[in-house]
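Asks: Mind folding the following:
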Amino acid sequence: MEAWSERVSRKSTVGITTYNYEPQDLLALAVHAERLGFEGLWFGEHYVSPRTYVGHHPSRKETPADKNDARDKEIIGDEVRIYDPWFLLGAVAGATKRLKVGTAICIVPMMHPLLLARATITAHDVSGGRFLLGTGAGWLKEEFDAVGVPFETRGARLDEAIAILQKAWAGGYFSHESEHFQFGELQISPHPVKVPLVIGGNSGPALRRVARVADAWINSAKITLDEALSLRETIEGARKTAGTSGRPFEYFVRPHTPDPEDVGGYVREGFENIVLWGPDVWPNDPAVPLETKVAGLERVARELSLTAFADAAE
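Replies: Numbers count the residues shown, from 1 in each chain. Modelled structure (predicted):
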């Protein structure tokens, strides 16, 4: 039987999802990730960090823990830097040649679709076609309140925004008329662009949206292999129901750890695009010396047989 590490180096991809990294640290991560054969960097997003809030990050399990628990605070806590992912991914695209850049995820309902269309087309062109748009509906009501977008309509706004994005990506003039967005003929790009639409989320509405319109799916937070298999089964069933099962489709899965045996289990089950959580492979701590971070990333690349892929790509 073929060793799973050989399958990783020949068939699979391994990316890294990032959030709350200092810009210079992020650029160093990008340069070394590209050198070592990682496929891409994904950028998380929040607009603001509310001092108090009621909702919980999707990674938090339903437990009687306090309202603002440790996982929530890791995402929107007092020490979190709220950086603009579009500026960061542009900087990373400029510092690399092969590395793909994506959003995981962009909170689409909080941004006007025409502004988002312009940002995605710019990202596509600046990166030379290396950009992937990862989308989601959002989970933090107080964040929506702060920018004046109704939280309750976020699902409908996301669906309408996706329709507008697809029109904009087709190139040329277009118009739109829907409940939340209406405008006459206009254009952003005279020529079509190919931006892969990746939809995130583990909930029923998110998975049905994936089946209807997405080119790929990325899970919320980190999941076990059993959870990944169950979610894939749900998506494939929804794709059959929606009549989209014949359309090309990819899975981007975030495992619990970068451990070779853990990652190998996902690969053996056919999940060929693995996305590791940044702090698991590159400590998000300015006190850790750069050489220590690089050595750790090199170890992960060796364990996952990525260096051989990087050498072959040169």
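
Asks: give the contact list for residue 247.
Replies: If you count contacts by CB atoms under 8 Å, 6 or more residues apart in numbering, residue 247 has them with residue 239. Every residue, glycine included, has its C-beta placed from N, CA and C.

Asks: Tell me how far residue 277 lies from residue 256.
Replies: Using CB to CB, to the nearest Å, residue 277 is found at 9 Å from residue 256.

Asks: just the strands in the stretch 1-150 of the chain please.
Replies: For the stretch 1-150 of the chain, the strands defined by DSSP state E, counting those that start in this stretch cover 13-18, 40-43, 100-103, 106-107, 131-136.

Asks: For residue 300, find the nearest of those.
Replies: Residue 300 sits nearest to strand 13-18 of all these, at 8.5 Å, using CB to CB.

Asks: re the thing from before, may I see the strands of the stretch 1-150 of the chain arranged in JSON lines, with mean neighbour count and distance to residue 87 as well?
Replies: Shown next, in JSON lines, are the strands of the stretch 1-150 of the chain (neighbours: other CB atoms under 10 Å; distance: least, CB to CB, whole Å):
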{"stretch": "strand 13-18", "mean neighbour count": "24", "distance to residue 87": "13"}
{"stretch": "strand 40-43", "mean neighbour count": "26", "distance to residue 87": "10"}
{"stretch": "strand 100-103", "mean neighbour count": "25", "distance to residue 87": "12"}
{"stretch": "strand 106-107", "mean neighbour count": "24", "distance to residue 87": "13"}
{"stretch": "strand 131-136", "mean neighbour count": "26", "distance to residue 87": "14"}
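
Asks: mind checking which of these is nearest residue 211?
Replies: Using CB to CB, the strands of the stretch 1-150 of the chain put strand 131-136 closest to residue 211, at 14.3 Å.

Asks: Identify the residues contacting the closest residue to residue 98 other than its chain neighbours.
Replies: Among residues not flanking residue 98 along the chain, residue 34 sits closest, at 5.7 Å (CB to CB, 6 or more residues apart in numbering). Residues counted as contacts of residue 34 (CB under 8 Å, 6+ apart) are 96-99.

Asks: mind redoing it with 7 Å?
Replies: Counting by CB atoms under 7 Å, 6 or more residues apart in numbering, residue 34 makes contact with 96, 98-99.

Asks: I'd like to know how far the residue positioned nearest the centre of the chain sits from residue 305.
Replies: Nearest to the mean C-alpha position of the chain, by CA atoms, centre = their mean, lies residue 104 at 2.1 Å. Computed with CB to CB, the distance linking residue 104 and residue 305 is 24 Å.

Asks: Residue 292 too?
Replies: Using CB to CB, we find residue 292 at a distance of 22 Å from residue 305.

Asks: Torsion angles phi and psi at residue 182?
Replies: phi -140, psi 130 (degrees, to the nearest 10).
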